[in-house]
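> how does the following fold in three dimensions:
(2 chains)
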Amino acid sequence: MPDGKFSRRTILKASGIAAVSAFASPIRAAAPEPTAVTPALIEAARNEGKVVYYTSIDLPVAEPIAKAFEAKYPGIAVRVERTGAERVFQRIGQEYASNIHAVDVVNSSDAAHFIVWKRDGLLVPFVPEDVAKHYPAEQKDPDGLFAAFRASLSVIGYNTRLVKPENAPKSFADLLDPKWAGKIVKAHPGYSGTILTATYQMSRDIGWGFFEKLAKQRVMQVQSAADPPKKLGLGERAIMADGNEYVLFQIKEAGGPVEVVYPTEGTPLIVSPNAVFNAAPNPNAARLFQCFCFSPECQDLVVNRGGMRSFHAQIKDKPGRRPLSDIKLMKEDAAAVEKLSEEIKAHYTKIFRV
Amino acid sequence: MTLTLAVPAAPGRSTFRFDLSLPILLGFSVALCLLILLPLSWLVYYSLHDRAGGFTLANFAQLVTDPTFLDPLVTTLILAISSATICCLVAAPMGWLVARTDMPLRRTIRALVTASFVTPPFLGAVAWELLAAPNSGLLNKIFRAVTGAESDEYLFNIYSLPGLIFVISCYTFPYVFVLVANALDRIPGDLEDASSILGGGAWTTARRVTVPLALPAVLAGALIAFLQAMTLFGSPAILALPAGFHTMTTKIWSLFQYPPKPELAAAASLPLLVLTVALLRAEAFVLGRRSYAVVGGRQGDPRRVPLGRWKWVALGAAFLVLLNPVFLPYGALLNAAFSQVASEFVWFDNVTLHNIDFVFFELSATGLAFRNTLILCTSAATIGTVMAVVIAYITSRRVVAWHKALGFLATAPVAVPGIVLGVGLFLTYTRPPFVLYGTLWILLIAFITIALPAAYQQLQSAFRVVNPDLEEASRILGATRLGTLGRITAPLLRTSVIATWCFIFIGVIRELSAAIMLFTSETKVISVLIFDLNESGDLGAIAVLGIIMLVFTFAVVILINRIPGFGGVRLRNT
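Residues are numbered from 1 along each chain as shown, chains lettered A, B, ... in the order given. Presented below is the predicted three-dimensional model:
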C-alpha cells in the first residue's frame, strides 16, 4: 500500500450506499426478536441507576443526548466517556485486558471496530424496535449486534472572512495550491475514526501522493475531526482539509463564518454504529439507552441539533443542508479499514511526522 | 491488658528502651525500593525484549538509527537547555530582589510567582494558544489592529519550538525562584555583616558570601528546570504536535497509541534516565565538599540592599516578567470562559454563560473528575511528605549504610517521564499479586512517585542547612531517632514541610502525563479531562474548568497559610 494507489471504484450515491461490508456477514443465524421499551425494562434500568456511554461524538452533541435520556427516564444517569474513536477502541481493549468492564454502550466513528468486537464476541445481540422497523437492512448487523446510529461526512471547509467563495478550493487537488501553504488545518487518523476512515477512502481513490504533497503545505495538525471546524470558526486557519461536516453545520447555523465544500473527487462517508457490550455492568440501562438512541426523538436531536445524517426512515434532513443523495460520495468499506488500519496510521505518521 | 499495664515496670528495666526507629526507617527504605524499582525493572525488561519475549537489542538499534527518534531527542535537548538557561537568568535575579533588597511589593511578587507555580503547565499552554496562535491569538489580533497588517501576518507563533520553550519557561522558572529566594532568606545577615566589618564592599560581599551561599540553590534550580522541561508532556502535546514535531515525551506517548509499542517506548525512555543520572552526579561534583550549614541555634535577620531609585525599575521588570505566566494567560482564560468564540474579545454584546452552563450542567464527567482529583491530591500530599521527610533525614544524617542509594532512588523518578512511569506502573499493577489498574490506588502510587524527587530535594536541601548539633544534643539527652526527628528537626523545618505538602498537592493537580496512561473512565482526573477537551477543541469549557482548578488551588494555599500555629510561617516555597 505505502506508495501504491487503490484501484478506483465506482462511487455510489447515498441511496445505494448498500453492502457496507461490515453489515454483510453472510453467516449465522438471524438477529434476535426486536425489543420494545416496556415498563419492566425501564424499571430494571432504573434499579441500575446509571449507564456508561463510550462515544466519539463531539461532546456538545453527546451530552445533550445524555440529558435528553435522563429527562425521559428520570433516575438513570448517563456518563458520557468521550474521546476519539481510535482512543475509545484502545481504552476498551486496555480495560478488557485487565478485566475491567466499565462500558455499557459504545459508539465509534470507525465502523471497523465493530468487526473486531463482533469477532471477539464482546457484543450482545440486541435489536431495538426502531432498528427492526425503520432501518434499512444494509445499516444493521444481520446478527443484531450493532446498527448505524449516525453518519457524517469528512469534508473540506473554509472561513468565509478569510476566503472569498470564488477563491475557495473545490477539490482535494486544489488544496495543494501553494497559496494555501500554512493556512490549512487537518485532524489525525491515530485519534479520530472519522479521519482514519476518510484517509483510507482518499488513499484508495486519489492515492497517497496527495497526502505526501499536502504534508509539504505546513498543515496545522490537530487530533479530533471535530477540531478543524472549530479552528475555522476561531479564524485560526482559513481552510480545513478534513473534519466533520456536522460540526461545520453547527457553527454555520449558529452564524459562524464557515462554509462546507464537497470535493469534486468525492466526499468520504463515515458511518458510526452503536452497540451494547456483553459484559455491560448495567445491562438493562444499556438496552434502554440503546433503544433511546435509535428512537425518532434521539435521531431528531442527532440530525437537527447535531448536524449529522440519520438512516431512520422517519427522519428527514434539515432544510438548507445538502442531502446525501446530491453529494458524490466515496465508498465506505469497513472490512478494508479493519485490515489496513495499522498500516494507514504508520504511513500517515511517516508522511506527516507526528 | 489493663492488668499488665497496671503492673509497674521494674525499676531496673526502665532504663532500657527499645528504639523502633531503625526498623521503621528500614521499612521506609524497602517501600521506596518497591515503589520505584518495580516499574523501572519492568521498563528495562521491556526495552531488552521483543514482542515474543526473546532477548534483543533491536529496540536500542532502532533508537539510534531511526530519525523519527533522533529528531525528538535533539529537540528535547534544545528545549531543556534553553528553558533551564532562561529560567536561571530570569529567576535568580528575581529571587535576589525579593529576598535581599528593599524593592517594594516583595510579598506581592512572591504571591504572583506562587500563582505561576500553581498554574498547570498544560493550562498555561492552552492559554497561550488563545493569546498567541498566529491567526486567532488575541495578541496577534491586537498587533494587526494596531499596525494594520494583513490578515495572515502575525507577531507571535506559539506553535513553534521557540513558542514551546517560552511557555515551558513561564511555568518552570518558579522552581528556580523558590529555591534561590529560600536559600537567600536563610543566609543570616551576620555573615554578610562580618564581611562588611572586615572591609568588604557590597560587591565583594556579594561575590564572596552571598553568591557562593546561593549557588547550590541556583544549581539545584537549574537542574530541576532542565528535568522539568525534558519530562513535560502536556505543553509539547498541545503546542508541538500542531506544528508537526515531537519531543521525547510526546513521541513515547505516541508509541502507546493503538497499536501500542511498549518495548520501543521503554528503550526511548532509558537515555533520559541516563542523562539525569549524569546531571545529578555533575551537581554533586560541582557542589563538592563545601559545607553549607548556615542555620544554627542563633540567627541574624537577612540584611536588605537599598536599591534607591532603581527599586521602581526592578519592580517594573518583575511585573513585566510576571505578565507572561500570570496576567496575560489568566486574562485569556477569563475572556474565553465568557465568550461565545474563544478568539474574540468579550464585550457587553457577546458575553455568555454558555460555557459555565456546559461544564456544570451538561458535561457528565465534571463531578467525578473533581472528586477523584481531590482525593488523590490530599492523600498523595500527606503520604508523600511523610516519605520525603524520612528519606531526606536518612540520607542527610547517614542513618543507614546505603543512604546514598536511597537518595538516588528518591531522585530517580524525576528522570522518568511521567508517561513512561505510567506504563511501568501499568505493567506492574495489572498482574498479580498487585492488581491495581482501574482503581485510584495506581494513580496514588504514580503521583507519590512523581512528587517524591522534588519533595525529597526540597527537604534534603533544607536538612543540609540545619546544623546537626541540635539533633545530636537531643540524641545525647536520650531521645530516639524518630523522637528527635519529630520534636527537633521537623519543627525546625516546619516551613519546608508545609511547603512540601503544598508542593505535592499542587503537583498532583498539575499531573497529566502518568494520569493519561493510568486513568480509566471511573478514575478520570481534571487534568485528563482538560486534555481530552483540548483534543476536541472545546476551549471555552477548558477555560471554565481551568479557572475553577486555579481558584481551588489558591484556596488551598491561602488556607494552609492561615492554619493556627502556622500563623508566623510565611509560605515562601509555593
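> can you map out the helices along the stretch 201-350 of chain B?
For the stretch 201-350 of chain B, the helices defined by DSSP state H, counting those that start in this stretch cover B:202-205, B:211-231, B:234-243, B:248-254, B:262-287, B:310-322, B:328-337.
> repeat that for the stretch 51-200 of chain A.
Assigned helices in the stretch 51-200 of chain A, in chain order: A:59-72, A:85-97, A:112-119, A:129-134, A:193-205 (criterion: DSSP H, counting those that start in this stretch).
> check contacts around residue 127.
If you meant another chain, say so; for now it's chain A. When contacts are counted by C-beta atoms under 8 Å, 6 or more residues apart in numbering or on different chains, A:Val127 is found next to A:Ala31, A:Pro32, A:Glu33, A:Pro34, A:Thr35, A:Lys140, A:Gly144, A:Ala147. Quick note: C-beta positions are derived from backbone N, CA and C, even for glycine.
> should've been chain B
B:Leu328, B:Pro329, B:Tyr330, B:Ala332, B:Leu333, B:Gly546.
> how much space separates it from chain A?
From B:Ala127 across to chain A, the span is 14 Å (C-beta to the nearest C-beta, to the nearest Å).
> leaving out chain neighbours, which residue sits closest to that residue?
Closest residue to B:Ala127 apart from its sequence neighbours, by C-beta to C-beta, 6 or more residues apart in numbering or on different chains: B:Pro329 at 3.4 Å.
> quick check, the one you found in contact with B:Gly124.
Yes. The pair B:Pro329 / B:Gly124 is scored as a contact, 5.5 Å apart, by C-beta atoms under 8 Å.
> any common contacting residues for the two?
In terms of C-beta under 8 Å, 6+ apart, B:Pro329 and B:Gly124 are both contacted by the residues B:Cys170.
> burial count for A:Pro136?
14 (other C-beta atoms under 10 Å in any protein chain shown).
> go ahead and confirm it touches A:Ser310.
No. Judged on C-beta under 8 Å, A:Pro136 makes no contact with A:Ser310 at a distance of 11.4 Å.
> which helices and strands does the lengthiest strand in chain A pack with?
Looking across chain A with DSSP state E, the single longest strand is strand A:267-276. For strand A:267-276, the packing partners by 3 or more C-beta pairs under 8 Å, 6 or more residues apart in numbering or on different chains; DSSP states H and E come out as strand A:105-107, helix A:112-119, strand A:146-153, helix A:193-205, helix A:283-293, strand A:329-330.
> which ones are touching B:Thr172?
Residues in contact with B:Thr172 (C-beta under 8 Å, 6+ apart) are B:Ser83, B:Ala84, B:Cys87, B:Pro121, B:Ala225, B:Gln228, B:Ala229.
> give me the phi and psi for it.
Here is the backbone geometry of B:Thr172 (degrees, to the nearest 10): phi -110, psi -30.
> any idea of the pLDDT on it?
Reading off the confidence values, B:Thr172 has pLDDT 92.
> again, but for B:Arg572
Looking at B:Arg572, its pLDDT reads 34.
> pull the most distant pair out of the contacts of B:Thr172.
Farthest apart among the contacts of B:Thr172 by C-beta to C-beta are B:Ala84 and B:Pro121. That separation is 14.9 Å.
> who has more neighbours, the two?
In terms of neighbours (other C-beta under 10 Å), B:Ala84 is the more surrounded of B:Ala84 and B:Pro121; the figures are 26 against 23.
> just checking, that one touches B:Ala229?
Yes. With contact defined as C-beta under 8 Å, B:Ala84 and B:Ala229 form a contacting pair (6.4 Å).
> could I have stretch A:210-228 exported to CSV, CA atoms only?
Taking Å, rounded to 0.1, in the frame of the first residue of the first chain, the C-alpha atoms of stretch A:210-228 are listed here in CSV:
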residue,chain,number,x,y,z
PHE,A,210,-2.0,13.6,-2.4
PHE,A,211,-1.1,13.3,1.3
GLU,A,212,2.6,13.5,0.6
LYS,A,213,2.1,16.8,-1.3
LEU,A,214,-0.3,18.0,1.4
ALA,A,215,2.3,17.4,4.1
LYS,A,216,4.5,20.0,2.3
GLN,A,217,1.8,22.7,2.8
ARG,A,218,2.8,23.2,6.5
VAL,A,219,-0.6,22.0,7.8
MET,A,220,-1.6,22.5,11.4
GLN,A,221,-2.1,19.0,12.8
VAL,A,222,-4.9,18.7,15.3
GLN,A,223,-6.4,15.5,16.7
SER,A,224,-10.2,15.3,16.7
ALA,A,225,-12.2,15.5,13.5
ALA,A,226,-14.4,18.0,15.4
ASP,A,227,-11.4,20.4,15.9
PRO,A,228,-10.7,21.6,12.3
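> work out the gap between it and the centre of the chain.
19 Å (C-alpha atoms, centre = their mean, to the nearest Å).
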